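Student: heads up, no residue letters with this:
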């Protein structure tokens, strides 16, 4: 049926072209007197009938050939049509099929090369972004998507990286002169800071390609994360400053007692015992301080790397409760734990989360009033989260101090904190661990009634 659906106009034109020579010859014979009128009409009718049949079959063969070529271009593999009435067309169809087969092989090879290239790019540990001459994003790898989120194709680079210094550097790479040649350097490096929790220090290395790639990429941007290096540098400086400040007092005290024991109290057994006790306390304070500083430094160094293990928060809290139950009893404080049966597991690090809740519950026990209750409540939240709240019935914290509680060595009552054995680093450690887990620490306090520290974590 498809063969018979040729347009009438095509039939008429083809028949007119084919009949024109025959009509011209018969007309010439008739007008020259070599052919009578009746035979001329009969010959005309016979020639017309035969020509119409032949043209019809030829047009059908051409239509089959056209349909065959169309199916080839549509990535199909049609059966070769039999075009015996038009052998030249059949040869063309055979040549077209051979050409299409070669083209498919070549395109499959190109697709395999493109897939291999993308696999290599996706395997790079550093985020990579390719932009075209108009600074539009044309290629990204998995690391870039993980860091910056999904970036739509043909969007300007500024939609993903809003850093004027970097955008200006890319523009200088792509700038061309009046002759169309590039006028700027072919590579550059820019230091930027990516906002987030936590912030990331990044060096963006940009290089212009000699010519545009198949996907249109003309400049490649590689983001190298230097957060760990920068943090290590800052931590070394902070450690020296903080350690020298906090260790100065106990070291001075121990030195003074040693001089006294060597001098006036050399033979005084009572003073020696008293001074040695004080020296032991100061040494223990220095040990706790150094341990907390080392722990904080280790946590900060890896704060940008999010843990991915599943942790049973109920088990963590039970372990902390068993560890601190004796201390609670010694202070006449009841330690109550309430865990929702539907509490999901958290995404995190078991040991670090133990440190978080040990610090929070230990602080609550230190500052709770005798014969009161410290409550630990764990429950699920919506949107794949869970929360753990630690509440005490202590003196509370004035609102002016709340924003600075997680600063290292910040104390609301310095004398009382040191008397209770605090180093001023507990809440700083809690903050950095919670940041590493991509969680949140909320603090609410009412002077005279108590405080509540709430940790929100992502659920597994």
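Tutor: Nice, thanks for sending it over. Being a predicted model, the structure only gives us computed values, none of them experimental.
Student: can we go C-alpha only for contacts and neighbour counts from here?
Tutor: Will do.
Student: flag the shaky bits of the stretch 1-150 of the chain, pLDDT-wise.
Tutor: Counting by pLDDT under 70, the ranges of the stretch 1-150 of the chain that qualify are 1-6, 71-94, 110, 113-115, 117.
Student: the same query, at a cut-off of 90, please.
Tutor: By pLDDT under 90, the low-scoring segments of the stretch 1-150 of the chain are 1-130, 133-135, 137-150.
Student: now the strands: where do they sit in it?
Tutor: 128-131, 137-140 (DSSP state E, counting those that start in this stretch).
Student: can you tell which of those is closest to residue 18?
Tutor: strand 137-140 (54.9 Å; CA to CA).
Student: may I see the buried residues of stretch 53-70?
Tutor: By 16 or more other CA atoms under 10 Å, the buried positions in stretch 53-70 come out as 55-65, 67-69.
Student: before we move on, the earlier item: reformat the strands of the stretch 1-150 of the chain as JSON lines; add distance to residue 454.
Tutor: Formatted as JSON lines, these follow (distance: least, CA to CA, whole Å):
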{"stretch": "strand 128-131", "distance to residue 454": "38"}
{"stretch": "strand 137-140", "distance to residue 454": "38"}
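Student: export those strands as TSV, with columns for mean neighbour count and distance to residue 395.
Tutor: Shown next, in TSV, are the strands of the stretch 1-150 of the chain (neighbours: other CA atoms under 10 Å; distance: least, CA to CA, whole Å):
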stretch	mean neighbour count	distance to residue 395
strand 128-131	24	53
strand 137-140	22	54
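Student: distance check, the most centrally placed residue in the chain against residue 438.
Tutor: In the chain, the centroid-proximal residue (CA atoms, centre = their mean) is residue 146; its distance is 1.0 Å. To residue 438, residue 146 is 15 Å away according to CA to CA, to the nearest Å.
Student: OK, contacts around residue 192?
Tutor: 163, 166, 201, 202, 203, 204 (CA atoms under 8 Å, 6 or more residues apart in numbering).
Student: nearest to residue 40, of these?
Tutor: Distances from residue 40 to these, taken by CA to CA, are shortest for residue 166, at 88.0 Å.
Student: does anything pack onto whichever strand or helix holds the closest one? Which helices or strands?
Tutor: When elements are assigned from DSSP states H and E, residue 166 belongs to helix 164-174. Packing partners of helix 164-174 (3 or more CA pairs under 8 Å, 6 or more residues apart in numbering; DSSP states H and E): strand 187-194, strand 200-208, strand 219-225.
Student: and this protein, what are its domains?
Tutor: 2-105, 124-225, 227-305, 307-460 (automatic domain parsing).
Student: quick one: which of the contacts of residue 192 has the most company?
Tutor: Neighbour counts for those (other CA atoms under 10 Å) peak at residue 166, which has 23 neighbours.
Student: pLDDT score assigned to it?
Tutor: Residue 166 carries a pLDDT value of 90.
Student: specify the beta-bridge partners of the closest residue to it other than its chain neighbours.
Tutor: Once flanking residues are discounted, residue 166 sits nearest to residue 190: 6.1 Å by CA to CA, 6 or more residues apart in numbering. Taking DSSP bridges as the rule, residue 190 bridges to residue 204.
Student: ok, residue 190 - how many residues close by?
Tutor: 16.
Student: residues contacting it?
Tutor: By CA under 8 Å, 6+ apart, the neighbours of residue 190 are 165, 166, 169, 203, 204, 205.
Student: closest one of the residues you listed to residue 287?
Tutor: Nearest to residue 287 among the contacts of residue 190 is residue 203, at 37.9 Å by CA to CA.
Student: returning to what we had before: in a markdown table, list the contacts of residue 190 along with distance to residue 383.
Tutor: Listed next are the contacts of residue 190 as a markdown table, based on distance: CA to CA, whole Å:
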| residue | distance to residue 383 |
| --- | --- |
| 165 | 37 |
| 166 | 35 |
| 169 | 40 |
| 203 | 34 |
| 204 | 34 |
| 205 | 37 |
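Student: dump the contacts of residue 192 to JSON lines, plus distance to residue 299.
Tutor: Listed next are those as JSON lines, based on distance: CA to CA, whole Å:
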{"residue": "163", "distance to residue 299": "29"}
{"residue": "166", "distance to residue 299": "30"}
{"residue": "201", "distance to residue 299": "17"}
{"residue": "202", "distance to residue 299": "20"}
{"residue": "203", "distance to residue 299": "23"}
{"residue": "204", "distance to residue 299": "26"}
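Student: tell me the one of those residues nearest residue 381?
Tutor: residue 201 (32.1 Å).
Student: so that closest one makes contact with residue 194?
Tutor: Yes. Using CA atoms under 8 Å, residue 201 makes contact with residue 194 at a distance of 6.6 Å.
Student: strand 200-208 and the helix holding residue 166, what's the angle between them?
Tutor: 10 degrees (axes from the mean of the first three to the mean of the last three CA atoms, to 10 degrees).
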